[in-house]
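Visitor: Sequence first, then the predicted structure, then my questions.
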Amino acid sequence: LFTLACLMEAFRFRRPQRAFARALTMIIFSVALSSVHSLSMSSIPEPKGRTQRRQANKQVRANQRHRLDENMGGFALRRRLSQHLLVDSTVASSMAEAAFEGADPSSVHVVELGAGASGAITRHLCAANPASLTAIEVDSSASSRLVESLTLEEGGLPPGVSVKTCDMLGLEWGDLASGPKAPSSAADERLVVVSNVPFGSTSKLLYQLADAASTGAIRRLVLLLQSEVAERLCAGHGNPCEARGGGASYSTLTVEYALRSSREGSPPQIAAIVPREAFAPRPKVGTSVVVVEFDRAPAGEGSPGALERRRELLTAAFARRGQAISESWAPVLAYHPSAEGASPKEAESMKSLLAKQPWEVSPSEFEYLSVALAESYSAALEAGATLDTSRGAPRPPASIEGTKKNKKAKATHKKKKKREEGRGCSWGSAPRGIGERRSKTCAVIGDNCPIRGLLAAVLGYSYLSAPRPHLRP
């Protein structure tokens, strides 16, 4: 930069000999300074902890490859299926214990989703001798390896154990709950679902499991989820940062599970935090074990269309976290008789709930609103009114603040203003006086440019510190 400044001064003031001499001196000084810097940096030893960290990370990767080969015999994982093999036997045994907690294993019917080729969790589930165990795996090669690893010495799978090759998102939970099972006494027909959930199918699977729980097909969930999804599933209401989308997201999924997980309407809890070293290959995100016990049905669950009504109301409310619920549910509230057949206390309570934002409303309050608006929702559907479930608040139609044309005009105006003020160092950035003409070369370092003072202080250029109106045209 200093060399370039010297060359510019040579063209500006026609002092080539003096300017080139200074430029050559600056080049020699820069080369000497960089050489000294390189020598000094090469003599500095590497920080103590860095070498150890590199070696430790290298060893972790080598151990993961070794465990992957040990468990799957070189089986190739598919990236599109989001496969991460659980290789920690402690975590697998803990999940199996959580599946049979408080019940006789011989009376429990278990379904494992995404069993994988190694069957780390499957082996621990088989060891407990459940009433039945159905392992679901979408990868045909992985399911064949799983069958080989579970086959007994005398041939065949253990009693009550079956492996199915199908997509977990397309399961018929009613058929699984009423399918063939090993004979057992006093067996609970509801299923216990255990899964190391693939990261790419988490949300869809959780909604399907909630729907299956509404039909009475599932009794308990033991899921290994991403920490972010686990926090969202177990989030509580009333967190102010929810209005800005921060923290653990209190959402439709949270309310759905909280309404079924306990009689108090509280969300499920995280049972354990699993380190990333428990998987091969090692994921980039943390994971947690969540245990959900379905022991209740929300109010009005038996009525036709109750599940769809509550799901659509919740989706419309949480699509706009920063708005009041009354604004999101305006098409339905238009058909709601405000004070007809309700006591003043109930009307006031409902009015105060509708004035809140969705992150401020508890699951039990959402349940109350869903039941109270059942008739209004049906009337709105008959009239053709629909709720807007698209994410994000709508912008005012009369404003063009967010249009591309206006953004481009703003950027152009900002550049023009910056150029007029002389704050930039680009071509033509210096302000022009009356009757003063500047070439592009002269305008590289403008009169008001911040670099001007720095050059004046370092190089001693007194003529750089102030504007010079007598410049050559």
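Guide: Nice, I can see it. Numbers count the residues shown, from 1 in each chain.
Visitor: which residues sit in contact with V332?
Guide: Taking Cβ atoms under 8 Å, 6 or more residues apart in numbering, we find V332 in contact with 313, 373, 376-377, 380, 385, 387. Bear in mind the C-beta positions are built from the backbone N, C-alpha and C, glycine included.
Visitor: I'd like the distance between it and S132.
Guide: From V332 across to S132, the span is 44 Å (Cβ to Cβ, to the nearest Å).
Visitor: ChimeraX command for the buried members of the contacts of V332?
Guide: Only the buried entries of the contacts of V332 go into this ChimeraX selection, using 16 or more other Cβ atoms under 10 Å:
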select :313,373,376,377,380,387
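Visitor: in the stretch 351-473 of the chain, what spans have low per-residue confidence?
Guide: 391-410, 417-473 (pLDDT under 70).
Visitor: do that again at 50, thanks
Guide: 393-404, 423-446, 461-466, 468-473 (pLDDT under 50).
Visitor: Show me the longest helix that occurs in the protein.
Guide: helix 16-43 (DSSP state H).
Visitor: What segments of the stretch 251-400 of the chain are strands?
Guide: 269-274, 279-280, 287-293 (DSSP state E, counting those that start in this stretch).
Visitor: Show me the one of the ones you listed that comes nearest P105.
Guide: strand 287-293 (16.3 Å; Cβ to Cβ).
Visitor: contacts for stretch 218-228?
Guide: Outside stretch 218-228, the residues touching it (Cβ under 8 Å, 6+ apart) are 86, 91, 95, 98-99, 173, 188, 190-197, 199, 202, 209, 212, 233, 273-274, 285-294.
Visitor: In helices only, show me those residues.
Guide: Checking those against DSSP H, those in helices are 91, 95, 98-99, 173, 202, 209, 212, 233.
Visitor: Point out where the stretch 101-250 of the chain drops to low pLDDT.
Guide: 182-186, 242-248.
Visitor: And the nearest residue to P283 once chain neighbours are set aside, how close does it get to C166?
Guide: Computed as Cβ to Cβ, 6 or more residues apart in numbering, the closest residue to P283 that is not its neighbour in sequence is H84, at 5.1 Å. From H84 across to C166, the span is 20 Å (Cβ to Cβ).
Visitor: Please say which of these two ends up with more neighbours.
Guide: H84 (22 against 13; other Cβ atoms under 10 Å).
Visitor: OK, contacts around the more buried one?
Guide: 77, 196, 198-199, 279-281, 283.
Visitor: filter those to the buried ones?
Guide: 77, 196, 198-199, 279-280.
Visitor: before we move on, back to that, mind picking the one among the contacts of V332 that's closest to V31?
Guide: So of the contacts of V332, ranked by how close each gets to V31 (Cβ to Cβ), first place is L387, at 70.4 Å.
Visitor: Run a quick neighbour tally on L113.
Guide: 22.
Visitor: tell me the contacts of the residue nearest to it when sequence neighbours are not counted?
Guide: Leaving aside its chain neighbours, L113 sits nearest to S195 (3.8 Å; criterion: Cβ to Cβ, 6+ apart). Residues counted as contacts of S195 (Cβ under 8 Å, 6+ apart) are 112-114, 168, 205, 222-224.
Visitor: try 10 Å
Guide: For S195, the contacting residues are 95, 111-115, 121, 136, 168, 201, 205, 209, 221-225, by Cβ atoms under 10 Å, 6 or more residues apart in numbering.
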